[in-house]
Structures are given as C-alpha cells and as structure tokens.
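>>> 3D model of this:
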Amino acid sequence: MKRLLLTASLLALAGCKVGPNYAVPDLPVPPRFVEATAAVPGTLAAADPSRWWTQFNDPELDRLITRAIAGNLDLQTAKTRIAGARAQEREARSALLPSANGTAGVNRVDFSKNAGLASLASAFGGGGSGGGAGGGSTPGQGIALPGSGITTWSIGIDASWEVDLFGGIQRGIEGARARTAAAEWNVRDMQVSVVAEVASDYLMLRSLQSQIAIAKAELARQQGTLRLISARQTAGLVSELPQRQQSLQLSNVAATLPQLEARSRDQIHAIGVLVGEAPGTLVAELDPAAALPAFSPALPAGLPSDLLRRRPDIRAAERQLAAATADIGVATADLYPKFNLMGMAELISTNLASLFARNSLQTTENAAFTLPIFDGGKRRGVIAEREASRVEALLTYKKTVLVAVQDVEDALADYNAELRRNAELRRGVDTAQRATQLAQASFVTGLTDFQPVLDAQGAVLSNRNTLAQSDASLLTDLARLYKALGGGWEA
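Residues are numbered from 1 along each chain as shown. Presented below is the predicted three-dimensional model:
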C-alpha cells in the first residue's frame, strides 16, 4: 500500500493541468474622461472615494450610512453568498485528498439444514459453529454444520484516492476560488449601491423639506399681500377682484404642501427599509426639517484605467471570467484516464475476544486506471459548452468595463450641466423677486392692475422650488459620480 501511495504521489507531482491557463485580459480604455475637462480645476483628487459622503459634513447622513452598511438586508443576503462560495471552495479542495471511512459490523449466518455440507463439515472436525454460534463445530474455526450458524465480527478502515494526473481537480479549485472572490466583490458592489441609494434618498428628503419651507414662506408672504389688498378694498381703493385673485393664489400654494409632505414621508420610509428597519422607524428622527448638506465641489474622477481597480462589478466580472476559464480545464480532464487507489484494512474474527489480535488483520489494496473510450461525444459537448460560457463571460467583462466608463462620463456631464443650470436659476430667482417688488409697487400706486403681481408671485415660487431641486440635483449627481467611480467600499 505504501508503494502504491508513493507511486501515485510521484505521478500527481509530475502531472499537468489540461485546459487553458487564465490571464487577465488587457482591455483598452480611454486615456482620460472626456467630460472631466469641465470639472473644477485642482479638485479631481481631493476626496477619499471610500468614504465620499463625509464631504457633505452631515452627521445625520453619516449615521444613516453606517446603519445601512450594518443592517441592509440586501447586503446581508449578498454576504451569505460568500459563505456558500467558501464552502464550495473547501469542497473542491477536499477532492485532492484521500477519503477514508471507518467500518464496523457483526454478521450472523444460519445455514440451511438441507445445505448438503455435512460431509464437508465433518472433514473439518464437525460439531457446531464457532465464535459463539450454536451447533457443535470446533470453536474459532468458523466452520458450521447445516442447521447451525456462524457469527463474524469486523472493524476496519477503507480509503480511496483519485490521483489528479491531469489537473482536473486543481482546475476545479481554481474555479471555486475565483467564484469566492467574485462573491466578495459582489458584496462590495452591493455596498456601493446601498451607500449611494441612502445618500440620494436623504438628499431628496432634505430637498423636499426645503421646498416645503419655501412654500410655507411664500404662503405667509402672500397672506400679507392679501391683508394689504383687503385693507385697500375696505378703503374703497380697489375692487373685490384683486382680493379674489389673491385668495385663489393662496389656495394654489397651500395645495402644494400635502403632496410635498407625503413625498417627504415616502423618502423617510425608503431610508428606513435601506437601513434594515421598519419603514416608520425613522419618522421621528428625520421628520424635523433640515437644510441640504453643504455643497462640496471635490470630483475625484481620476483615470478610466482606475475603474478596473476600483469598480467592484468589474472585479466581480473578471473573477467570473477566471472561473469560466477554469471550468474548461475541469471538463477537458474528463477526456483523459483516471487513476484511483483503494485500500482496506480490517480486523475480522469469528470470536469477539480475538478480534483485536494480530492474526485478525486482513488488508486489500487496489489500483485502477479508467480510460474513456466512447461516450457518443458527451465529453466533447461539455467542453464546447464550457468554452461558450467563457466567451460569454469575456463579453460580459468587456461590456461591464464599457458601461463603467459610460456611467462616469454621464455623471460628469450631468454634474457639469447642472452647475451651469444652477447658476442661471439663482439669477432667475433674484430677477423674479425684484419683479414681484416692482409689480406690487405699481399696483399699490394704481399704475397697473393686480395680474402682474400674481404672475410675479407665481414666478418666484416656481423659480425658488426649481432652484431647491437643482441644489439637490448637484449633490445627487455627485453621489452618482462616486458610485460610478466605485466609491463606497474599503479594502
């Protein structure tokens, strides 16, 4: 047995690994991001992408993201897949080692009285069964007369080992190890998505609360205008029409509040689920209005080649390609002979008292080659299937890289466009507020009717709401950019 094991070990060491050897594809990427040219100079490497949300200097946002990383259910589900992948990796590694099983048993045989073995039994000194059997044979000889019986006791170990001559098992280990890494990168990718989603929902909540505050302030201001008109009507200076028009304007502004408040509650509920809690858990914490976080222009766009290192989905796709390549080797190894070693060592006796005696030892050794001859093309078909899966994985990897570059370019383009739009909206708000003052002054002096005042008031409310939405869009575009860059996870 020792000689067989030594021979097999030497064969395994001298063996080869069939199938293609994996190398990370060298994919071409642009030398720079086109849309990064409009970014704020000197800020492209100013921020830490792993904790990018801290740029907003908002402790509440920091707390929510910490809770989401710890409690998000999708993230926890992804982590369980790592445990499953690691278990499969251990299973694949176990195939390199021998397997052994312990055996123990007792066997009782009662012979037929008509067995016709009486003369044979007499030749051995007849009499009964040995090893505690009834009858009359010589004890310990294990010979029984017809109509009597024999009991056999045994305990032992059997072992088997498939020698990995052509590397099929090692290729299986490579594939399992790559899938474990892919599962780990998928967890990081899920964390990037969860962090970005919490940040976006939180920024949207603060934007809605800002719009609620704007509507309430505009409502209070227009109520002052209504009191002024009512006083002038009482004095007989204006007709009833301006008062009715202003009352209608007040109702229109007030009607926007319930919808804004409902949307803000929806955002709170969504954040609650993202942190892994009941939708209403965060109402008391987040319902009090707060301003949007302070704006920070840091844009760590870096180089497109950095995406191959930072984007978890790209790293996961690359590991899936490595696993698909290893699968070809596993299938290819089935075309070659298999060499198996088997051995058994047992203690067997018809007498329990002598079971552990040296003379009870019985051994069996076996070495076998299995050579595939004909299977109707089944093995070749499996190899072709695995090769097609590898091509599919390669195309998926290439597309993942292209989509990653597109995500960054889109986020940069949207951010730069929103910067310009935001500046114009701020000028528009100033102009609308000045126009309202002029229209009110003209109405009070009797130079115009009340319609210009109504138009100016509507323009102020619309422009201020649009500006609040633009402020939030700038920050959410920044969050999108960090997500596109793969920010939000730490090594």
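>>> So which bits of stretch 383-401 are buried?
383, 386-387, 389-390, 393-394, 397, 400-401 (16 or more other Cβ atoms under 10 Å). For every residue, glycine as well, the C-beta is placed using N, CA and C.
>>> Return the subset of those lying in helices.
Here DSSP state H is the test, and the buried residues of stretch 383-401 give 383, 386-387, 389-390, 393-394, 397, 400-401 as lying in helices.
>>> Closest one to Asn465 out of those, please.
Distance to Asn465, by Cβ to Cβ, is smallest for Thr400 among those, at 38.4 Å.
>>> in which helix or strand would I find the nearest residue to that closest one once chain neighbours are set aside?
Nearest residue to Thr400, sequence neighbours excluded (Cβ to Cβ, 6 or more residues apart in numbering): Ala317, at 4.3 Å. Using DSSP states H and E, Ala317 sits in helix 312-333.
>>> pLDDT at the nearest residue to Thr396 once chain neighbours are set aside, what is it?
With sequence-adjacent residues excluded and distances taken as Cβ to Cβ, 6+ apart, Thr396 is closest to Ala317, at 5.6 Å. Model confidence at Ala317, expressed as pLDDT, equals 96.
>>> Next SSE downstream of the helix-or-strand element of the chain with minimal mean pLDDT?
The weakest-scoring helix or strand in the chain, judged by mean pLDDT, DSSP states H and E, is helix 118-123 (a mean of 45). Counting by DSSP H and E, the next helix or strand C-terminal to helix 118-123 is strand 149-163.
>>> Off-centre distance for the helix or strand following that next one?
Note on strand 149-163: by DSSP H and E, the next helix or strand toward the C-terminus is helix 168-234. Here helix 168-234 is found 21 Å from its chain centre; the criterion is Cα atoms, centre = their mean, to the nearest Å.
>>> Show me what helix 168-234 is packed up against.
Packing partners of helix 168-234 (3 or more Cβ pairs under 8 Å, 6 or more residues apart in numbering; DSSP states H and E): helix 59-71, helix 73-94, helix 240-274, helix 312-333, helix 378-444, helix 451-484.
>>> Make a markdown table out of these and add distance to Ser154.
Listed next are the helices and strands packed on helix 168-234 as a markdown table, based on distance: least, Cβ to Cβ, whole Å:
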| stretch | distance to Ser154 |
| --- | --- |
| helix 59-71 | 56 |
| helix 73-94 | 27 |
| helix 240-274 | 61 |
| helix 312-333 | 36 |
| helix 378-444 | 39 |
| helix 451-484 | 65 |
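>>> Mind checking the ones you listed for the one nearest to Gly168?
helix 312-333 (2.6 Å).
>>> angle of that closest one against helix 73-94?
30 degrees (axes from the mean of the first three to the mean of the last three Cα atoms, to 10 degrees).
>>> just checking, what packs against helix 312-333?
On a contact count with 3+ Cβ pairs under 8 Å, 6+ apart, helix 312-333 meets helix 168-234, helix 307-310, helix 378-444.
>>> Mean pLDDT lowest where, among these?
helix 307-310 (a mean of 80).
>>> Ser193 is nearest to which of the helices and strands packed on helix 168-234?
Ser193 lies closest to helix 451-484 among the helices and strands packed on helix 168-234, at 7.0 Å (Cβ to Cβ).
>>> thinking again about what came up before, of all the ones in helices among the buried residues of stretch 383-401, which two lie farthest apart?
Greatest spatial distance in those: Ile383 and Val401, 27.5 Å, computed using Cβ to Cβ.
>>> Give me the phi and psi for Thr364.
Per-residue torsions, Thr364: phi -140, psi 130 (degrees, to the nearest 10).
>>> give me every residue that touches it.
Thr364 sits next to 342-345 when contact means Cβ atoms under 8 Å, 6 or more residues apart in numbering.
>>> cool, Gly156 as well?
If a contact means Cβ under 8 Å, 6+ apart, then Gly156 has 102-104, 344-348, 362 as its contacts.
>>> So how do I select the buried members of those in PyMOL?
Entered in PyMOL, the line below selects the buried ones among the contacts of Gly156, by 16+ other Cβ under 10 Å:
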select buried, resi 344+345+346+347+348
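>>> List just the nearest of the contacts of Gly156 to Ala413.
So of these, ranked by how close each gets to Ala413 (Cβ to Cβ), first place is Gly102, at 68.0 Å.
>>> From Gln320, how far off is Asp313?
10 Å (Cβ to Cβ, to the nearest Å).
>>> who's more crowded, those two?
More crowded of Asp313 and Gln320, by other Cβ atoms under 10 Å: Gln320, with 25 against 21.
>>> What does the pLDDT read for that one?
Reported pLDDT for Gln320: 96.
>>> give the contact list for it.
If you count contacts by Cβ under 8 Å, 6+ apart, Gln320 has them with 178-179, 182, 393, 396-397.
>>> low-scoring stretches of the stretch 1-150 of the chain, by residue?
Low-confidence segments of the stretch 1-150 of the chain (pLDDT under 70): 1-15, 37-48, 115-147.
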